[in-house]
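A.B. asks: sharing a model prediction with you, sequence too.
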Amino acid sequence: GEDVEQSLFLSVREGDSSVINCTYTDSSSTYLYWYKQEPGAGLQLLTYIFSNMDMKQDQRLTVLLNKKDKHLSLRIADTQTGDSAIYFCAPDTGKLIFGQGTTLQVKP
Amino acid sequence: DTAVSQTPKYLVTQMGNDKSIKCEQNLGHDTMYWYKQDSKKFLKIMFSYNNKELIINETVPNRFSPKSPDKAHLNLHINSLELGDSAVYFCASSQERTGTNTEAFFGQGTRLTVV
């Protein structure tokens, strides 16, 4: 079945870059998403990448996709305290499967 | 206007009770979901309905019964609540469109505490 794995925790200083990694097992995904969950709230779509792309840039966000290794990453440039949240990757295989998410802590 | 709304936001109840969580979306989406987020933040899909029809039913105890009276509503009824049911339950909706991505919209969550 589908499986998504992410590291649980990442701590960075304000202004640094953050890189959140994700590995998944189901290669049939057409789209792969990054969702953000702020404290006490539901998830919101942050960005996504189409499976025939290997990179997508969206302002401070860069998504890298390695389909061969089933590896997805999210880079946040110039990380701000407002970026502190839990980040979930979600391959879309017809149903959105999430894992445990990565908690990003940004220190001032 | 809230796109996906859940009620109640908080629910504290005793073991053995039966409770319901309601979800409504005003986005006109065809698909609705229930997810359970445990204390370690793991987000697990429970059910998915498309146009009132159950399409995903993950390994969930049959004490959990979703009900979709119409495509804008997906309620979750839980019988004989157990301590392990304590979690945050999220409702979500999406609309599949050919040739483009499917964004899911989430409610604010219902924090269920079973004592």
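C.D. replies: Alright, I've got the coordinates.

A.B. asks: what's the local residue count around the residue in chain B that chain A sits nearest to?
C.D. replies: Nearest to chain A in chain B, going by Cβ to the nearest Cβ, is residue B:106, at a distance of 3.1 Å. In this view, the C-beta of every residue, glycine as well, is placed from N, C-alpha and C. Residues lying near residue B:106 (other Cβ atoms under 10 Å in any protein chain shown) number 23.

A.B. asks: what's the pLDDT at it?
C.D. replies: Confidence at residue B:106, expressed as pLDDT, is 95.

A.B. asks: nearest residue to it in space, please, no chain neighbours.
C.D. replies: residue A:42 (3.1 Å; Cβ to Cβ, 6 or more residues apart in numbering or on different chains).

A.B. asks: for that neighbour, what are its contacts?
C.D. replies: Residue A:42 makes contacts with B:4, B:90, B:92, B:106, B:107, B:108, B:109, as judged by Cβ atoms under 8 Å, 6 or more residues apart in numbering or on different chains.

A.B. asks: check whether the fourth one really touches residue B:92, as I assumed.
C.D. replies: Yes. Applying Cβ atoms under 8 Å as the test, residue B:106 and residue B:92 come out as touching, 4.6 Å apart.

A.B. asks: list residues touching both of those two?
C.D. replies: Common neighbours of residue B:106 and residue B:92 (criterion: Cβ under 8 Å, 6+ apart): A:42, A:43, B:4.

A.B. asks: burial count for the closest residue to the last one other than its chain neighbours?
C.D. replies: Okay, so that is residue B:4. Once flanking residues are discounted, residue B:4 sits nearest to residue B:107: 4.2 Å by Cβ to Cβ, 6+ apart. Residue B:107 has 26 neighbours, counted by other Cβ under 10 Å.

A.B. asks: quick one, what contacts residue B:107?
C.D. replies: Residue B:107 sits next to A:42, B:4, B:5, B:6, B:23, B:90, B:91, B:92 when contact means Cβ under 8 Å, 6+ apart.

A.B. asks: distance of residue B:86 relative to residue B:46?
C.D. replies: Relative to residue B:46, residue B:86 is positioned 15 Å away (Cβ to Cβ, to the nearest Å).

A.B. asks: any idea which element residue B:5 lies in?
C.D. replies: strand B:4-7 (DSSP states H and E).

A.B. asks: mean confidence for that strand?
C.D. replies: Here the average pLDDT along strand B:4-7 is 96.

A.B. asks: name the residues of that strand that come out as buried.
C.D. replies: By 16 or more other Cβ atoms under 10 Å in any protein chain shown, the buried positions in strand B:4-7 come out as B:4, B:6.

A.B. asks: ditto for stretch A:31-48
C.D. replies: Quick answer for stretch A:31-48 (16+ other Cβ under 10 Å): A:31-37, A:42-43, A:45-48.
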